[in-house]
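Novice: Turn this into a structure:
(chains A and B)
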Amino acid sequence: MPAELARVNQWMYSTLAADTAISNVVGSRIYAEQAPQGASYPMVLFAHIGNIDVTRAMNNGRLAKVIYLVRVVGEGFSVSGSLQTVADRFDPLLLVKNVTVDGVRIAYVQHDQHHIRKDSENGIPVSYLGSYYLIFCQPAD
Amino acid sequence: MPITLIVRRNDIPNVKARIADKNVDAVRDNAHFMRDYAQSIAPVRTGAFRASLYVNFQGEQTESDYGQAAARALQLNPRARIVPEQQAALLDQNVNRFRNPLGQFTQPEAVVSSAVEYALYLEEGTVHNSPRPTLRQAALATEPRFKTDMGKVAD
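Specialist: Numbering: from 1, shown residues only, chains lettered A, B, ... in the order given. Reported below is the predicted structural model:
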């Protein structure tokens, strides 16, 4: 049985990194879970937030519901302009059906909830803009 | 052939009341299950976050352990910033229906939340700290149980 979450991470990274509208703004600064020390803004962060098997079929069959938080992070308190341009790309790129990645089938993806947050990191104002997504995945046949 | 139906007893109001009671019980019980689940998976350093998890439910009387949770959290981590309690929908006794904070009619609800401000940073992470989610994972674990309980309210 493949480790689904690793493949979802792989799909998420490659999908976001291949988009020119995103790379025009963040370059290669797309990170899973957290950014390395010293990384500059803006950047895209995506993170696994939780998961549960929603279907347990005969034998080893299953369908997992996985929550991801995907967001663009930039300096300052404004989420308009380039941050908005990047966040606008998340839905068109991530709301897919029937994508297979290295033995794992992403059956479908649903938008769950918008996300916006403003706080500070070492005294620097930082804004987050993105969404929570529900990713339904299972081992491919 | 004509059929005559005579209703000698109308149990529909009682059935409706029983369903409403079971509905309220299911919401309350699952909120407590979710809080307990969250406590079982909460990341622990000082223990303040785990202690800060509370349930707010407002049926015929308010049921909340926010006060105890906030006090315990502060005891375990005196530097923790305490945030105000989140209120669930309130039962309007005049019409026997729940109203949300905007005054709109709504279904029975319960709030499971944390009394410490840094719960947000644990749940969602920050630029340099991975999320360590607790409440969403607890909600996911509670969802199938809640659906099963709600499927039985009319039994």
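
Novice: okay, CA-based contacts and neighbour counts for the rest of this
Specialist: Will do.

Novice: Buried residues, the helix ranked longest in chain B. List them.
Specialist: In chain B, taking DSSP state H as the definition, the longest helix is helix B:12-41. Buried residues in helix B:12-41, counted by 16 or more other C-alpha atoms under 10 Å in any protein chain shown: B:19-20, B:22-28, B:30-39.

Novice: Who are the packing partners of the helix or strand following that helix?
Specialist: Using DSSP states H and E, the helix or strand that follows helix B:12-41 in sequence is helix B:48-52. Packing contacts for helix B:48-52, counted by 3 or more C-alpha pairs under 8 Å, 6 or more residues apart in numbering or on different chains; DSSP states H and E, involve helix B:12-41, helix B:66-76.

Novice: Least reliable of these by average pLDDT, please.
Specialist: Mean pLDDT per stretch puts helix B:12-41 lowest among those, at a mean of 89.

Novice: quick check, that helix touching chain A?
Specialist: No: figure legend: helix B:12-41 not in contact with chain A (C-alpha under 8 Å from any C-alpha of the partner chain); closest approach 11.8 Å.

Novice: chain center to that helix: distance?
Specialist: Its chain's C-alpha centre and that of helix B:12-41 lie 8 Å apart, by C-alpha atoms, centre = their mean, to the nearest Å.

Novice: correct me, but A:Arg65 touches A:Ile49?
Specialist: In this structure residue A:65 is Lys, not Arg. No: with contact defined as C-alpha atoms under 8 Å, A:Lys65 does not reach A:Ile49; the gap is 11.0 Å.

Novice: and A:Arg105, bridged to which residues?
Specialist: A:Thr100, A:Gln138 (DSSP bridges).

Novice: mind listing what it touches?
Specialist: Contact analysis of A:Arg105 by C-alpha atoms under 8 Å, 6 or more residues apart in numbering or on different chains lists A:Asn98, A:Val99, A:Cys137, A:Gln138, A:Pro139, A:Ala140.

Novice: how near is B:Ile12 to chain A?
Specialist: Applying C-alpha to the nearest C-alpha, to the nearest Å, the value for B:Ile12 to chain A is 35 Å.

Novice: From B:Asn30, how far off is that residue?
Specialist: Distance of B:Ile12 to B:Asn30, given as C-alpha to C-alpha, to the nearest Å: 27 Å.

Novice: What parts of chain A come near chain B?
Specialist: With C-alpha under 8 Å from any C-alpha as the criterion, chain A comes near chain B at residues A:33-37, A:45, A:47-52, A:69, A:73, A:121.

Novice: switch to 6 Å and redo it
Specialist: Chain A has residues A:Glu33, A:Gln34, A:Ala35, A:Ile49, A:Gly50 near chain B, with proximity defined as C-alpha under 6 Å from any C-alpha of the partner chain.

Novice: residue contacts, A:Arg71?
Specialist: A:Arg71 makes contacts with A:Val44, A:Leu45, A:Leu129, A:Gly130, as judged by C-alpha atoms under 6 Å, 6 or more residues apart in numbering or on different chains.

Novice: Give me the phi and psi angles of it.
Specialist: Per-residue torsions, A:Arg71: phi -150, psi 160 (degrees, to the nearest 10).

Novice: For the residue nearest to it when sequence neighbours are not counted, pull up the helix or strand it's in.
Specialist: Excluding the flanking residues, the one nearest A:Arg71 by C-alpha to C-alpha, 6 or more residues apart in numbering or on different chains is A:Gly130, at 4.0 Å. Using DSSP H and E, A:Gly130 maps to strand A:124-139.

Novice: residues of that strand that come out buried?
Specialist: Here strand A:124-139 shows A:126-139 as buried, counting by 16+ other C-alpha under 10 Å.

Novice: starting at the chain centroid, how far to it?
Specialist: Computed by C-alpha atoms, centre = their mean, the chain-centroid distance of strand A:124-139 equals 5 Å.

Novice: For that strand, name the packing helices and strands.
Specialist: Secondary-structure packing of strand A:124-139 (3 or more C-alpha pairs under 6 Å, 6 or more residues apart in numbering or on different chains; DSSP states H and E): strand A:62-75, strand A:104-121.

Novice: if we go to 10 Å?
Specialist: Contact here means 3 or more C-alpha pairs under 10 Å, 6 or more residues apart in numbering or on different chains; DSSP states H and E; on that basis strand A:124-139 packs against helix A:4-17, strand A:43-56, strand A:62-75, helix A:82-94, strand A:97-101, strand A:104-121.
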